[in-house]
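> The following block contains a protein sequence and its predicted model.
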Amino acid sequence: MVINEEEFRNAKISLLCAVPTEVDALPIQSLLESYDIKCILQSDVTRSVYPFIVDGLAEVRILVLEKDLDKAQEILKDSDCKFS
């Protein structure tokens, strides 16, 4: 199912998982996108300004549309991607 930009902006977002760094998040993002699941990578730190990891400071949260959450969880469970 294709979702337009306005529907995406108004959709409910759910936390799929959190990983230590963006390097860990990118393969998960790529995997989900190969199944047509859009995701958002969110972090509290600007990695280009602070490119280091201190006690979870660079943690990246992977968010998906609420309607895709179950499917995304199943995809990750069946994959080699490691997440918390």
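Perfect, I can see it now. Numbering: from 1, shown residues only.
> which stretches of this structure have low pLDDT?
Across the chain, residues meeting the criterion (pLDDT under 70) sit at 1-4, 8, 45-57, 81-84.
> for the residue nearest the centre of it, phi and psi?
By C-alpha atoms, centre = their mean, the chain has its centre lying nearest to Ile62, at 2.2 Å. For Ile62, the backbone dihedrals are phi -110, psi 120 (criterion: degrees, to the nearest 10).
> now the one 3 residues further on
Backbone dihedrals for Leu65, given as degrees, to the nearest 10, come out at phi -60, psi 140.
> what does Glu66 give?
Backbone torsions of Glu66, given as degrees, to the nearest 10, read phi -50, psi -40.
> for it, what are its contacts?
With contact set as C-beta atoms under 8 Å, 6 or more residues apart in numbering, Glu66 has these partners: 11-14. Where C-beta positions appear, they are placed from N, C-alpha and C, glycine not excepted.
> so the residue nearest to the centre of the chain bridges to which residues?
When bridges are assigned using DSSP bridges, the partners listed for Ile62 are Cys17, Leu41.
> what does the helix or strand hosting Glu74 contact?
Secondary-structure element containing Glu74, defined by DSSP states H and E: helix 69-77. The contact list for helix 69-77 (C-beta under 8 Å, 6+ apart) reads 14, 16-17, 28, 31-32, 35, 37, 39, 64, 83.
> taking the residues you listed one by one, which sit in helices?
The helices in this structure, assigned by DSSP state H, contain 28, 31-32 from these.
> okay if I get the residues you listed as a markdown table plus neighbour count and distance to Ile75?
Formatted as a markdown table, the ones in helices among the contacts of helix 69-77 follow (neighbours: other C-beta atoms under 10 Å; distance: C-beta to C-beta, whole Å):
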| residue | neighbour count | distance to Ile75 |
| --- | --- | --- |
| Ile28 | 23 | 9 |
| Leu31 | 17 | 7 |
| Leu32 | 22 | 7 |
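> any idea how far Lys71 lies from Asp78?
As judged by C-beta to C-beta, to the nearest Å, Lys71 and Asp78 stand 11 Å apart.
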